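Asks: Provided below for reference: sequence and predicted model.
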Amino acid sequence: MPDPQFYAAVESRRTVRDFLPDPVPQEALDRALDAARLAPSSSNLQPWEFVVIRDPATRQAANAACLDQAPARTAPLLVALVTHRDTWQRNRDEIVRIFESRGPLRPSQTAYYKKIIPLIYTTGPFGLLGPLKRLASRLISLFKPTPNLMTREDIRIMAHKSTALAAATFMLALRAEGYDSCPMEGFDPWRAKALLDLPRGAEVNMFLAVGKRSETGVWWDRVLMPRAWAVREI
């Protein structure tokens, strides 16, 4: 049987552009963040970070980096979704450590995390190995199905896709808690990176304004493209 509460959260989630000043309780935020951590990611490498902006001066600078959009100005809480391209090895090691704490590694786990993952994600000094791997995988794919042995840019795209999945889960969890959000891709990426003191292999995927919608928070009626444009069966 379908879960009506899930579909109610999906249906009632809207992009909200004006918020009430009511604060978001820490308990509700923590539950939504923990739900987001359950989101799927490529090889379970979880290349994301949620930066909850509390400091007033940092928040003011973040609002400016978000071009002073109405959601950033009015939301009681602002969260930056950060993508990390270079944490795959650290996270892979943690996955292996947890597996080993549960008992001996299965051969499939050893092969995947100790051999396949390094083969796919290692790009060499200055990323020079990446294009060679991609060319090799493309040539092999002419004869049999072959995964993309990724370049540095491929890894960046993978990390952003996985982070976006976590963001979507976070937004639905917030809605289930009775709170709203607005994902913002319109921001100054260079200022945002400097403001959050991100390392070289990290960048902001999006900012999320979080709070309760005001009476004017939803600007327009929902518009969906025709289902035939979005769904195709072959």
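Replies: Perfect, thanks for sending it.
Asks: so what strands line up beside the strand ranked longest in the chain?
Replies: The single longest strand within the chain, with elements called by DSSP state E, is strand 202-211. In the sheet, strand 202-211 lines up against strand 77-84 (antiparallel), strand 180-184 (antiparallel) (DSSP bridges).
Asks: report the buried residues of it.
Replies: Buried residues in strand 202-211, defined by neighbour count with 16 or more other C-beta atoms under 10 Å: A202, E203, V204, N205, M206, F207, L208, A209, V210, G211. The C-beta positions use only the backbone N, C-alpha and C, and glycine is treated the same way.
Asks: redo the strands paired with strand 202-211 as CSV? Include distance to A173.
Replies: What follows is the strands paired with strand 202-211, written out as CSV (distance: least, C-beta to C-beta, whole Å):
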stretch, distance to A173
strand 77-84, 12
strand 180-184, 10
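Asks: can you give me the neighbour number for the closest residue to G124 other than its chain neighbours?
Replies: Residue nearest to G124 in three dimensions, not counting chain neighbours: G130, with 7.0 Å by C-beta to C-beta, 6 or more residues apart in numbering. G130 has 20 neighbouring residues, counting by other C-beta atoms under 10 Å.
Asks: now swap in the one 3 residues further on and tell me
Replies: Other residues near K133 number 20, with proximity taken as other C-beta under 10 Å.
Asks: cool, and L67?
Replies: Count around L67 with other C-beta under 10 Å applied: 11.
Asks: please give me every residue in contact with the residue lying closest to it once chain neighbours are set aside.
Replies: Take L67 and drop its neighbours on the chain: the residue closest to it by C-beta to C-beta, 6+ apart is G186, 5.8 Å away. The contact partners of G186, taken as C-beta atoms under 8 Å, 6 or more residues apart in numbering, are C66, L67, Q69.
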